[in-house]
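Enquirer: Just the structure for this:
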Amino acid sequence: MGIINGNRSEAPYLPLEAFGEWGEWISQSAENCSAPKDYVAMGLLATASALIGNARWVSPWNGWKEPPILWLAAVGDPSSGKSPALDSSLGFLREFEGEMAVDYSETLRNYERDREIAKAVREGWQDDVKQAVSGGLISPEMPEKAIEPDQPVRPRLYVTDATQEAMAQLIAAHPKGLLCQRDELAGWLLNFDRYGGGGERDFWIEGYGGRSYNIDRVKHAKEPIRIPHLSLSVVGGIQPERLAEILMKGADSGFAARFLMVWPERVPPKRPEGFVVNTAYRSGLQRLRSLTMPSGPQDNLEPEVKFLSGSAADLFQEWRVENDKSETEAFGLLLSHLGKLPGIVLRLAVILEYLNWCLSNQPEPETISESSLCYAIHLVESYFKVMATRVYGDAALPGNEKSAAMLARRIKRDKPTTVNASDVRRYWKLPGLQKSEAVTSALAVLVECGWLSPSDRTGKAQRPRLDYTVNPDLYEVPS
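Expert: Model (predicted):
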């Protein structure tokens, strides 16, 4: 049955201890939606990442700063429970947005009123200017009340779909940053560069780093958009069949390497034995939302940087040296991903530190503790590195074996007794299997593996029907 799993290793165990008191919530939430704990944990990391945002950054020492931005991909089949698991924590963001927008209608009405007042004052001033010019007098200065106010933006914490320009305008109005949440990341990735220009991928890469960003040509805007810290976290699901085809296309720009991808084993449906009490956890996330950005030079809002404690910085450097050694044993996509891990460890450390703090009655931490950094390293070494090998291993298969693995999973799911090559090409709609040569090559792999055997049936004009009989023993073996 190895072909059905491609070149994948077994899924690693999620170390819940790294999440402290949140571990119990992760377990119960996963049980309630019959989904892997991994997906729930990724949703929590994404939520915390967005709520902390640019309010707090992390630094191991002077000259190196990292924002708490994470890009997370939940890999799994359509029925694997990705969306409900992610919603366990992302649902809090929707609730918070509703609370933040309670006064938005009144704010919008006030804006409309002030805009009309500004129009009226401006028209009166324009009349005064005309009279002054015609009378040879000095024109009056435009009164401050003649300046139209900026249109208010509905408070947001996350977005599901927006163009680059719209996203930039939203970020400009939300300096802490935003989370981009997609049920299916494949659709989001396919939308890159849909309007031409070719810069959308670069825009998001800048958003991963929290760097400054300017857009000079903006429709319906009075001035260019200036964003001191473009901060965009990302979370969503993606199906295994589309992972290599779409996500890995960005490998040359390091795009895929920025994602922490999780591909856990399926969880069978189970009736929950308990229920989730969200009150304390919701309050904790509210505490993260209350974090603000302090004023910097010229009254600009700037992140407050939290340094690693002395012992944490020592531990980080020790691990960093060991991680650098492991890079010599990797190549391709995995090598690019390993190169991003030091920054990811720092990002995880600040998130874990604040997830622990938000459920306590303690004052805000002055530094990022050795404990939080240790758990961040533990997550990366025992979990995310192993997951990366599992995910990239499948994506790195030769084309015919990759297609055969997709075909095998579809056969295992639908349980046909016969597979027709033409039907696979025309109706199965599997990525990379739209041409006869690709289908024939994939079927040949399955024949070699003992999954299929060619049929002798013929159709019209005595032409072979290209039917393959499925080995019935496959359906008696657990996948």
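Enquirer: What lies in contact with stretch 362-381?
Expert: 15, 17-18, 58, 306-309, 311-312, 315-316, 319, 341, 344-346, 348-350, 352-354, 356-357 (CB atoms under 8 Å, 6 or more residues apart in numbering). Just so you know, the C-beta spots here come from the backbone N, C-alpha and C atoms, and that holds for glycine as well.
Enquirer: what do you get if the cut-off is 7 Å, keeping everything else the same?
Expert: 15, 18, 58, 306-309, 311-312, 315-316, 319, 341, 344-345, 348-350, 352-353, 356-357 (CB atoms under 7 Å, 6 or more residues apart in numbering).
Enquirer: tell me the mean pLDDT for that stretch?
Expert: Mean pLDDT, stretch 362-381: 97.
Enquirer: again, but for stretch 404-415
Expert: The model assigns stretch 404-415 a mean pLDDT of 86.
Enquirer: Report the next helix or strand after the helix or strand hosting F307 in sequence order.
Expert: Using DSSP states H and E, F307 falls within strand 304-307. Going down the chain from strand 304-307, the next helix or strand is helix 310-327, by DSSP H and E.
Enquirer: Flag every buried residue along the helix or strand just after that following helix.
Expert: Where DSSP H and E defines the elements, the next helix or strand beyond helix 310-327 is helix 332-358. For helix 332-358, burial by neighbour count (16 or more other CB atoms under 10 Å) applies to 333-334, 336-338, 340-358.
Enquirer: Find the residue ranges of the stretch 101-250 of the chain scoring beneath the pLDDT cut-off.
Expert: Where the stretch 101-250 of the chain drops to pLDDT under 70, the residues are 190-198, 217-222, 244-250.
Enquirer: now the strands for it?
Expert: Using DSSP state E, counting those that start in this stretch, the strands of the stretch 101-250 of the chain run over 158-159, 178-182, 213-215, 225-227, 232-238.
Enquirer: Other residues contacting the shortest one?
Expert: Right, strand 158-159. 50, 93, 167, 170, 178-181.
Enquirer: now do the last one
Expert: Around strand 232-238, the neighbours that count as contacts under CB under 7 Å, 6+ apart are 42-43, 46, 49-50, 69-76, 82-83, 86, 177-186, 188, 204, 207-208, 247.
Enquirer: still on that earlier bit, could you pull out the buried residues of the strand holding F307?
Expert: Here strand 304-307 shows 306-307 as buried, counting by 16+ other CB under 10 Å.
Enquirer: pLDDT of it, averaged?
Expert: 98.
Enquirer: Run me through the strand neighbours of that strand, direction for each.
Expert: Using DSSP bridges, the strands paired with strand 304-307 are strand 56-61 (parallel).
Enquirer: Give me the sheet partners of whichever helix or strand comes after the strand it pairs with and which way each runs.
Expert: Counting by DSSP H and E, the next helix or strand C-terminal to strand 56-61 is strand 64-66. If you go by DSSP bridges, strand 64-66 pairs up with strand 56-61 (antiparallel).
Enquirer: one step back: need the strands of the stretch 101-250 of the chain in a markdown table (columns: mean neighbour count and distance to A257).
Expert: Formatted as a markdown table, these follow (neighbours: other CB atoms under 10 Å; distance: least, CB to CB, whole Å):
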| stretch | mean neighbour count | distance to A257 |
| --- | --- | --- |
| strand 158-159 | 18 | 23 |
| strand 178-182 | 23 | 18 |
| strand 213-215 | 16 | 21 |
| strand 225-227 | 17 | 24 |
| strand 232-238 | 25 | 14 |
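Enquirer: Turn the ones you listed into a markdown table, including distance to E370.
Expert: Below are the strands of the stretch 101-250 of the chain laid out as a markdown table (distance: least, CB to CB, whole Å):
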| stretch | distance to E370 |
| --- | --- |
| strand 158-159 | 32 |
| strand 178-182 | 29 |
| strand 213-215 | 34 |
| strand 225-227 | 34 |
| strand 232-238 | 25 |
